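In: The following comprises the amino acid sequence and a computationally predicted model.
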Amino acid sequence: MQFPALLAASAIALSSLVAVQPPPVADDAREGTILYFNDAHDVRPVLTGGEDRGGVARLDAAIANVRAEQPDARVVFGGDLAGGTLFGGLYKGFPLVEAFNTIGIDLANLGQHDFDFGVENARELIAASEFPWITSNLLDDAGQPFLPDSTWAVHETNGITVGYIGLVDGMDTTSVGDAVTELDHVDAAVEAVAALEAAASPDVIIAVAQVPPAVGERLVDALPQLDAVLLEEQAEYESVVTEYKGAVLASPEGNMGSLIRLDVAVNPTGEVSLEPSVIEVDHTVTPTPELRELELRYDAEIEENLSHTLATVETPLLNPDHQSRRGETLIGNFVADAFRDYHGTQIGWMNGGGIRAEAPGPEFTLGDAYSIAPFDNKVMHVEVPGSGLRQALEDAVMRMSDLGGGFPQVAGMSFGVDPDAPVGERIHSVMVAGEPLDDDSVYSVAVTNYVANGGDSVTGFADATVIVPASEAPADAEVIAEYAAELGVIDLELEGRITVGAAPATPAPTATPAPTATSAPPATPAPTVDGNDDGSPQAAAGAENDESLASTGGDGSLVFVVIGGVLIALGATAWSVARRRIRPVGR
């Protein structure tokens with residue numbers, strides 16, 4: 001397959017590319033066009049890099065422009081239309097299917113976000129589609145292909161037979177658990193291509209793959225007959241097109257910000273030439289009226305339902321450069337506090353990758369709550385031994401150098417993480433309510449069903465005792481909204497809950513001096529008791545002010561006492577007081 005010079009229709013940025021001179025296209029060559037896009041989380045244009053890009057009305061117009069010159073052009077969607085944003089959380093992908101039915105999509109590949117709301121929702125999206133879906137590397141809970149009749153597909157475009165396989169990555173970031181199994185990309189691709197070639201003998205073979213570029217290169221290494229690998233987005237406002245061993249590797253912009261155009265020519269000898277270019281889907285494209293009306297309809301509906309103000313934001317809740325995936329953030333503290341507050345647990349835990357938007361203020365609205373947590377995960381109440389909590393922390397930070405989504409934002413506890421330490425040995429200085437984590441003690445945790453079920457490869461909650469299951473738990477966005485309304489004013493500061501760096505050095509032991517004789521201790525006088533005292537030191541200390549209590553010492557274990565509606569945690573060297581509301585289990 002020959003790869004000619006890249007036609008840089010993109011006004012943003014394209015990767016550098018060494019041009020390969022194509023063979024002359026014969027007069028009787030068959031020629032066709034393929035259009036590719038992915039990452040469709042909202043029907044409306046999305047503000048990216050200071051400019052609104054995408055939107056189904058502009059996409060419709062851009063595709064129509066190509067079809068005006070190439071009526072047989074085929075349109076392929078790479079996947080991800082259900083979750084990941086406020087819009088996805090509210091509508092779960094169905095408005096995108098409605099729009100794509102109108103546009104006339106020819107083929108879609110399943111992406112991991114198409115499973116954000118479970119297997120049943122994914123199958124309902126497929127059933128509502130007037131276009132076929134494929135996937136080559138997913139199995140259902142019975143060990144059978146997730147789409148038994150669609151592990152590959154074939155299209156004809158101007159007499160050229162184009163064969164497709166479909167691949168997805170990152171299924172561990174969805175909520176499907178064991179209901180769907182993700183197979184190795186290369187192994188599944190080899191099997192699917194063999195079946196495709198045996199059944200259809202295509203002129204051109206394309207992998208539609210929600211995978212990073214490195215996996216795309218592995219696919220070409222294993223399958224040199226691949227002519228192109230159409231990848232997931234690498235950036236929200238940059239299209240990337242490269243050549244690898246004669247194959248085109250192409251990533252459009254996120255949020256439907258661009259189309260990859262492949263002009264295909266097949267000479268009578270069977271030699272294939274692909275000419276890629278990029279079509280921007282931005283303000284330069286005039287939207288089509290029908291789908292612009294659809295955009296405005298959903299926009300008005302969202303504005304009406306989600307503009308209600310819940311609180312005033314004094315300190316902006318930001319997540320710069322995905323900081324919640326590698327350290328403490330105000331927005332992470334806020335969400336973890338909300339979880340902990342709802343269930344009255346010792347600990348609140350939110351995976352940093354689940355924080356999908358910021359709330360800069362000055363108002364915090366219901367829309368902000370659903371933008372921050374759009375996946376409709378449920379906030380469970382579980383109890384886990386300290387050893388499991390420690391394992392969960394180790395699991396959660398193992399991919400922090402790659403901005404893995406499991407990195408925890410926490411409340412009611414603190415920890416240190418050394419990113420340079422070996423995986424499994426990075427966590428240190430774990431404290432709960434001011435006391436060192438005890439592996440043998442049991443701790444109550446408010447955490448999403450996604451994390452509790454092993455999302456982002458967090459295994460530490462596998463043996464947790466479930467107090468409030470997902471089936472009886474509220475959605476994360478609902479908990480966040482209620483907490484914001486309860487606060488009224490959001491005014492936070494970083495507290496040192498997460499420390500990034502090596503563990504503090506342990507001082508060398510000093511020599512023990514020889515013991516000296518001591519006199520017998522004086523007799524201890526009997527304690528005095530006033531009318532508010534029940535005979536416990538906790539009550540005596542709390543009688544004067546039930547919101548302030550000094551440490552009484554002890555053996556290092558925690559003692560919890562409720563005095564005047566206040567939950568008090570006592571330890572050997574520290575104390576803490578936290579107001580708790582009493583809530584019915586399963587609210």
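Out: That came through, no problem. Residues are numbered from 1 along each chain as shown.
In: Which residue ranges make up the domains of this protein?
Out: Following the assignment in automatic domain parsing, the chain carries domains at 43-299, 308-500, 537-579.
In: Using TSV, lay out those together with mean neighbour count.
Out: In short, each C-beta sits where N, CA and C put it, glycine included. Listed next are the domains of the chain as TSV, based on neighbours: other Cβ atoms under 10 Å:
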stretch	mean neighbour count
domain 43-299	20
domain 308-500	20
domain 537-579	15
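In: Least confident of those, on average?
Out: Mean pLDDT is lowest for domain 537-579 among the domains of the chain, at a mean of 32.
In: could you dump the domains of the chain to a markdown table with distance to Ala29?
Out: Below are the domains of the chain laid out as a markdown table (distance: least, Cβ to Cβ, whole Å):
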| stretch | distance to Ala29 |
| --- | --- |
| domain 43-299 | 5 |
| domain 308-500 | 44 |
| domain 537-579 | 74 |
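In: where along the stretch 401-550 of the chain do the strands fall?
Out: With strands called from DSSP state E, counting those that start in this stretch, the stretch 401-550 of the chain shows them at 408-411, 413-417, 427-432, 435-436, 442-448, 465-468, 489-490, 498-500.
In: among those, which is nearest Asp172?
Out: Between Asp172 and the strands of the stretch 401-550 of the chain, the shortest separation by Cβ to Cβ is 14.3 Å, and it involves strand 442-448.
In: between that closest one and strand 413-417, what angle do the directions make?
Out: 80 degrees (axes from the mean of the first three to the mean of the last three Cα atoms, to 10 degrees).
In: Return the alpha-carbon coordinates of strand 442-448 using PDB.
Out: The C-alpha coordinates for strand 442-448 follow below in PDB (Å, rounded to 0.1, in the frame of the first residue of the first chain):
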ATOM      1  CA  VAL A 442     -12.200  -2.300  60.000                       C
ATOM      2  CA  TYR A 443     -13.000   1.000  58.400                       C
ATOM      3  CA  SER A 444     -16.300   2.400  56.900                       C
ATOM      4  CA  VAL A 445     -15.900   3.900  53.500                       C
ATOM      5  CA  ALA A 446     -18.300   5.800  51.100                       C
ATOM      6  CA  VAL A 447     -17.200   4.800  47.600                       C
ATOM      7  CA  THR A 448     -18.700   4.400  44.200                       C
END
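In: What strands flank that strand, and is each parallel or antiparallel?
Out: strand 347-351 (parallel), strand 379-385 (antiparallel) (DSSP bridges).
In: With distance to Glu314 added, can I get the ones you listed in TSV?
Out: Below are those laid out as TSV (distance: least, Cβ to Cβ, whole Å):
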stretch	distance to Glu314
strand 347-351	21
strand 379-385	25
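In: Give me the distance between the residue nearest to Ala485 when sequence neighbours are not counted and Thr85.
Out: Spatial nearest neighbour of Ala485, chain neighbours left out: Leu310 (4.4 Å); criterion: Cβ to Cβ, 6 or more residues apart in numbering. Using Cβ to Cβ, to the nearest Å, Leu310 is found at 20 Å from Thr85.
In: Could you list every helix and strand that the helix or strand where Ala108 lies packs against?
Out: Using DSSP states H and E, Ala108 sits within strand 107-109. In terms of contacts (3 or more Cβ pairs under 8 Å, 6 or more residues apart in numbering; DSSP states H and E), strand 107-109 is packed against strand 74-77, strand 133-134, strand 160-168, strand 204-210.
In: Could you rerun that using 7 Å?
Out: Packed against strand 107-109, as judged by 3 or more Cβ pairs under 7 Å, 6 or more residues apart in numbering; DSSP states H and E, are the following elements: strand 74-77, strand 133-134.
In: Give me the distance between the first one and the centre of its chain.
Out: Between the centre of strand 74-77 and the centre of its chain there are 25 Å (Cα atoms, centre = their mean, to the nearest Å).
In: Please put the alpha-carbon coordinates of whatever helix or strand comes next after that strand into PDB.
Out: Where DSSP H and E defines the elements, the next helix or strand beyond strand 74-77 is helix 86-91. C-alpha atoms of helix 86-91 as PDB (Å, rounded to 0.1, in the frame of the first residue of the first chain):
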ATOM      1  CA  LEU A  86     -22.800  16.000  31.600                       C
ATOM      2  CA  PHE A  87     -24.700  15.500  28.400                       C
ATOM      3  CA  GLY A  88     -23.900  11.800  28.400                       C
ATOM      4  CA  GLY A  89     -24.800  11.400  32.000                       C
ATOM      5  CA  LEU A  90     -28.200  12.900  31.400                       C
ATOM      6  CA  TYR A  91     -29.100  11.200  28.100                       C
END
